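> fold the following, please.
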Amino acid sequence: MANTNRLMRGAALGAVYAAAMACSLPAQASDAGWFLGGMVTSKVLSNAERRTQAAEAQAYRPAPQPVQQAPAQPARRSKESQLQELDRLAAGGYITPQEYKERRQAVLSSN
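Numbers count the residues shown, from 1 in each chain. The predicted structure follows:
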């Protein structure tokens, strides 16, 4: 926001300087440069003003409220994937052979 204000002040000073110089110098063919400079300054000022207004509008806009959702049901894994995971655990030494047999039997007997 401070950069926008600084930019607006600089552009306004440039416009004032350009107007002062245009009034003090005689009209020449190069006055087109002053005209174009004024157009650019006008565009910069209007863009800065729009950005400032957008930033202020966003700052005062209330934050969106989170949507409340029902807790998700855990996904049921297939028996095959459960048995493959048990095989990996047993092969990696993370469970004992006795635990492997018990868990395998539990998986096979579950619905």
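
> where does the chain have low pLDDT?
Applying pLDDT under 70 to the chain flags the ranges 1-32, 73-75, 111.

> now with 80, please.
Flagging of the chain using pLDDT under 80 yields the residue ranges 1-40, 44-45, 58-65, 67-77, 111.

> that one: helices as residue ranges?
2-24, 31-60, 79-91, 97-109 (DSSP state H).

> which other residues reach the last one?
Pointing back at helix 97-109 there. With contact meaning C-beta atoms under 8 Å, 6 or more residues apart in numbering, helix 97-109 is reached by 79, 82, 83, 86, 89, 90, 95. C-beta here means a position set from N, CA and C on the backbone, and glycine is covered the same way.

> what residues of that helix count as buried?
100, 103, 107 (16 or more other C-beta atoms under 10 Å).

> between it and helix 79-91, how big is the angle?
180 degrees (axes from the mean of the first three to the mean of the last three C-alpha atoms, to 10 degrees).

> residue 95: how many residues sit nearby?
Counted with other C-beta atoms under 10 Å, the neighbours of residue 95 add up to 16.

> on that earlier part again, out of the contacts of helix 97-109, which are buried?
82, 86, 90, 95.

> distance of the last one from residue 102?
Going back to what we said before, that points to residue 95. Applying C-beta to C-beta, to the nearest Å, the value for residue 95 to residue 102 is 9 Å.

> measure residue 84 to residue 50 for me?
Distance from residue 84 to residue 50, by C-beta to C-beta: 59 Å.

> and for residue 109?
69 Å.

> and what of residue 42?
Distance, residue 42 to residue 50, by C-beta to C-beta: 13 Å.

> and what of residue 58?
For residue 58, the distance to residue 50 - C-beta to C-beta - is 12 Å.

> and what of residue 104?
67 Å.
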